[in-house]
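> Could you look at this predicted model? Sequence included:
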Amino acid sequence: MNDKYNDTVAENVSNRTYNAISFDMNGTLLNTHIDYDKLVDAGRYVLHKLGMPNDQIIIGNDNEMIGDGVKYLNNHGCVITSDDVYKLINARALEIEMESINTTECYPGVPEMLKILKYRGYRLGLLTGGQRNYTEMAMKKCGILHYMDAIEAFDDHPAGEQKPNPIAMVHLASKLGVKCSEILHVGDCVWDYYCAINSGADFIGVTTGENHTRWENAGGHVTTVDNVTDILKNL
């Protein structure tokens, strides 16, 4: 994780009046079974396929790994740009995500919760690390896509503008037509927490999901619920 987004400056739940509720998708709204080991390995996989030896690929910061990879490939007869590599990595990520689509389902009570929130007048948004095609297909398969007023997916903006960068929440807030300070964000990952808090949004963590975080390691007190539907008690 990029440490520059890890310093928090606000409480994660306040006494604000929210105009919008935003959600992470995998592990929060949907019970998914993505192979995260393969997903994390997507960058190395692509660079190796392009001709870079595994022992030359330094795993770590994605921008540095891809930058070094592009230099190596260009010096060894493969003319390619960072943008080209990012597109190939996104395509690989989409391929991995789609492998899990048939087993994807809502957590219990999610459709009913979203219906209640819409009835109460909240704008609803989705801030996900998933590729847009996969995200829309998974949400549609589970019958909840139509509840979302806006979606911010991984490939909607240039590399580096995804969670935990708070600019991702700024993008979603703009799509929702609200300020970040008017949003309550719900997610299962520490990246969701930092993205929300450092943008000025409030946050509630859920204890579901394969990407479940030990919230005591998030750098501050995090309000948590056992299931995303329990947020109705906090509103």
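Looks like it came in fine.
> use CA for all of it now, contacts and neighbours both
Fine.
> Low-confidence stretches in the protein?
Within the chain, the stretches with pLDDT under 70 are 1-15, 210-214, 217, 219-220.
> now the strands for it?
With DSSP state E, the ranges of strands along the chain come out as 20-23, 30-31, 105-106, 123-127, 150-152, 183-187, 202-206, 224-225.
> Reformat those as a markdown table; add mean neighbour count and distance to Glu97.
What follows is the strands of the chain, written out as a markdown table (neighbours: other CA atoms under 10 Å; distance: least, CA to CA, whole Å):
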| stretch | mean neighbour count | distance to Glu97 |
| --- | --- | --- |
| strand 20-23 | 24 | 18 |
| strand 30-31 | 20 | 13 |
| strand 105-106 | 20 | 14 |
| strand 123-127 | 23 | 16 |
| strand 150-152 | 23 | 17 |
| strand 183-187 | 28 | 18 |
| strand 202-206 | 25 | 21 |
| strand 224-225 | 18 | 26 |
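> how about CSV for those strands, with distance to Tyr86 added?
Output for the strands of the chain, formatted as CSV (distance: least, CA to CA, whole Å):
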stretch, distance to Tyr86
strand 20-23, 25
strand 30-31, 26
strand 105-106, 29
strand 123-127, 20
strand 150-152, 18
strand 183-187, 25
strand 202-206, 30
strand 224-225, 34
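> Can you say which of the ones you listed is nearest to Tyr193?
strand 202-206 (6.3 Å; CA to CA).
> Strand partners (parallel or antiparallel) of that closest one?
Paired neighbours of strand 202-206 in the sheet (DSSP bridges): strand 183-187 (parallel), strand 224-225 (parallel).
> next one: that strand to chain centre, how far?
Strand 202-206 sits 14 Å away from the centroid of its parent chain (CA atoms, centre = their mean, to the nearest Å).
> can you list the residues that contact it?
With CA atoms under 8 Å, 6 or more residues apart in numbering as the test, strand 202-206 has contacts from 11-14, 28, 181, 183-189, 193, 196-197, 212, 215, 222-228, 231.
> Let's see that with 7 Å instead.
With contact meaning CA atoms under 7 Å, 6 or more residues apart in numbering, strand 202-206 is reached by 12-14, 28, 183-188, 193, 196-197, 222-228.
> same question, stretch 69-85
Outside stretch 69-85, the residues within contact range by CA under 7 Å, 6+ apart are 47, 52, 57, 66-67.
> Farthest pair within those residues?
The most distant members of the contacts of stretch 69-85, if one measures by CA to CA, are Met52 and Gly67, lying 12.5 Å apart.
> Have a look at these two and say which one is more surrounded.
Met52 (19 against 14; other CA atoms under 10 Å).
> Next one: the more buried one from Lys87, what distance?
Distance, Met52 to Lys87, by CA to CA, to the nearest Å: 17 Å.
> Looking at this protein, which helix is longest?
For the chain, the helix with the greatest residue count under DSSP state H is helix 82-98.
> do you know how far the closest residue to Lys175 other than its chain neighbours is from Pro53?
Once flanking residues are discounted, Lys175 sits nearest to Ala150: 5.9 Å by CA to CA, 6 or more residues apart in numbering. Using CA to CA, one obtains 41 Å as the distance from Ala150 to Pro53.
> Am I right that Tyr107 is in contact with Leu29?
Yes: Tyr107 is within contact range of Leu29, at 6.1 Å (criterion: CA atoms under 7 Å).
> These two: who's more crowded?
Leu29 (30 against 19).
> Might you report the residue contacts of that one?
Applying CA under 7 Å, 6+ apart, one finds that Leu29 lies in contact with 106-107, 110, 228.
> same thing with Val110?
29, 229.
> hmm, 10 Å instead?
Contact analysis of Val110 by CA atoms under 10 Å, 6 or more residues apart in numbering lists 28-30, 116, 142, 144, 227-229.
> now the helices for this protein?
Counting by DSSP H, the helices of the chain are 36-40, 42-49, 62-75, 82-98, 110-119, 132-141, 167-176, 190-197.
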